[in-house]
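K.L.:
Need the 3D shape of this:
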Amino acid sequence: MNNGPVPIPIDSDVWSPSRRLLGLPPYPLADVPDMKVRLVAEGHSVIDLGVGDPGLPVPVVALDTLREAVLDPALSKYGFQRGLPAYREAIAGWLMRRFSVSVDPVLEVLPVIGSKEAIALTAFAVLDQGDAVLVPDPGYAPYFGGSYFAGADVIRVPLRPEEGFLIPPETIRSAPGRLRLVYLNYPNNPTTAVAEASYLEEVVTACRERDAVLMFDNAYSEITFDGFQAPGLLDIDGGREVGIEFHSMSKTYNMTGWRLGWATGNRTVIAALKRVKTFFDTGSFMALQAAGAAVLNDPDEYIQ
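P.N.:
This next block holds a predicted model:
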């Protein structure tokens, strides 16, 4: 991937983009949708290897619930960061069923507009100018984007096959500068690597030693095979103290366009992310959250 700045056409003699924007590398796969439309219009048969967008159906219970919820005037109001209490409670219930962890649905759960925006915005809550952050390479672009816009020093850590595509805990311990944030994503996109609980225990210890916040992107927790169940950060002793975990309904439930997800974990980090988000959004449509709650409360056979 080309990580250099992407040219921006400037059609003005009085305005130009910020230096920070001009220094931003191109977003991976951003041009694929336009390329696809052009090729299809030209009569080509296209196999789309762009952004992962499941082709399987949305859970029926989500559609049935949404049909009723959109008729409720109360659910057309601003949700703000509080969101729909039933959605928070459904998230807490799902986490208990799946990971056997108890979370406070008010203080330790935050509904987000898909995990993508929250993953990026948490950098604004944690990082100061010049702080260091570790991001996996290859990895999800918002890990870099949020840290870059927060003015941090981004350290890319290559994911190597000989290391099981894991970021070695010793890399966290020896990272230069004021390390304040570490991004992890397992099960991993794009390498498909998984992390055992023993590995996460070592990472939690390393982050505690460096006083760094651990951002655990667990969006693919349910896409595992051969009986393996991916661990969660809150499963790990001390995990709740050092970081937060992100989940998304996009890949687990084929609800990519619904933009439903959540953050859970350390109360201080959750509160900080909530405060940042108050300046960026007023919450997702609460009728969608009602549908999300119905899905999370439904038996888990759908995932299989």
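K.L.:
what residues are up against residue 182?
P.N.:
For residue 182, the contact set (CB atoms under 8 Å, 6 or more residues apart in numbering) comprises 133, 134, 167, 172, 203, 207, 212, 213, 214, 215, 243. To be clear about C-beta, it is placed using only N, CA and C from the backbone, and glycine gets the same treatment.
K.L.:
one more time with 7 Å
P.N.:
Taking CB atoms under 7 Å, 6 or more residues apart in numbering, we find residue 182 in contact with 134, 172, 207, 212, 214, 215.
K.L.:
which of those tops the neighbour count?
P.N.:
When neighbours are counted by other CB atoms under 10 Å, residue 215 leads those with 30 neighbours.
K.L.:
Run through the residues that contact residue 140.
P.N.:
Per CB under 7 Å, 6+ apart, neighbours of residue 140: 185, 189, 217.
K.L.:
how near is it to residue 45?
P.N.:
Distance from residue 140 to residue 45, counting by CB to CB, to the nearest Å: 29 Å.
K.L.:
And for residue 91?
P.N.:
41 Å.
K.L.:
Neighbour count for the two, which is higher?
P.N.:
Counted by other CB under 10 Å, residue 91 and residue 45 do not tie: residue 91 has more neighbours, with 28 against 6.
K.L.:
on that earlier part again, can you flag which of the contacts of residue 182 belong to helices?
P.N.:
172, 207 (DSSP state H).
K.L.:
how about the contacts of residue 182 in JSON lines, adding pLDDT and distance to residue 74?
P.N.:
Converted to JSON lines, the contacts of residue 182 look like this (pLDDT from 0 to 100; distance: CB to CB, whole Å):
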{"residue": "134", "pLDDT": "98", "distance to residue 74": "43"}
{"residue": "172", "pLDDT": "98", "distance to residue 74": "46"}
{"residue": "207", "pLDDT": "98", "distance to residue 74": "41"}
{"residue": "212", "pLDDT": "98", "distance to residue 74": "41"}
{"residue": "214", "pLDDT": "98", "distance to residue 74": "37"}
{"residue": "215", "pLDDT": "98", "distance to residue 74": "34"}
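K.L.:
Just give me the closest of the contacts of residue 182 to residue 197.
P.N.:
Using CB to CB, residue 214 is the member of the contacts of residue 182 that sits closest to residue 197, with 14.2 Å.
K.L.:
Show me what that closest one bridges to in the sheet.
P.N.:
In this entry, residue 214 is beta-bridged to residue 182, residue 243, by DSSP bridges.
K.L.:
list the contacts for it?
P.N.:
Contacts of residue 214 (CB under 7 Å, 6+ apart): 182, 184, 203, 204, 207, 233, 242, 243.
K.L.:
again, but for residue 267
P.N.:
107, 108.
K.L.:
quick one: pLDDT of it?
P.N.:
According to the prediction, residue 267 has pLDDT 98.
K.L.:
list the contacts for residue 262?
P.N.:
91, 109, 110, 111, 112, 247.
K.L.:
so where does it fall, helix or strand?
P.N.:
strand 261-265 (DSSP states H and E).
K.L.:
could I have that strand exported to PDB, CA atoms only?
P.N.:
Taking Å, rounded to 0.1, in the frame of the first residue of the first chain, the C-alpha atoms of strand 261-265 are listed here in PDB:
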ATOM      1  CA  GLY A 261     -21.500  -1.200  17.800                       C
ATOM      2  CA  TRP A 262     -20.300  -0.600  21.300                       C
ATOM      3  CA  ALA A 263     -17.300   0.000  23.500                       C
ATOM      4  CA  THR A 264     -16.900  -1.700  26.900                       C
ATOM      5  CA  GLY A 265     -14.300  -1.800  29.600                       C
END
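K.L.:
Strand partners (parallel or antiparallel) of it?
P.N.:
Assessed with DSSP bridges, strand 261-265 is paired to strand 109-112 (antiparallel), strand 243-248 (antiparallel).
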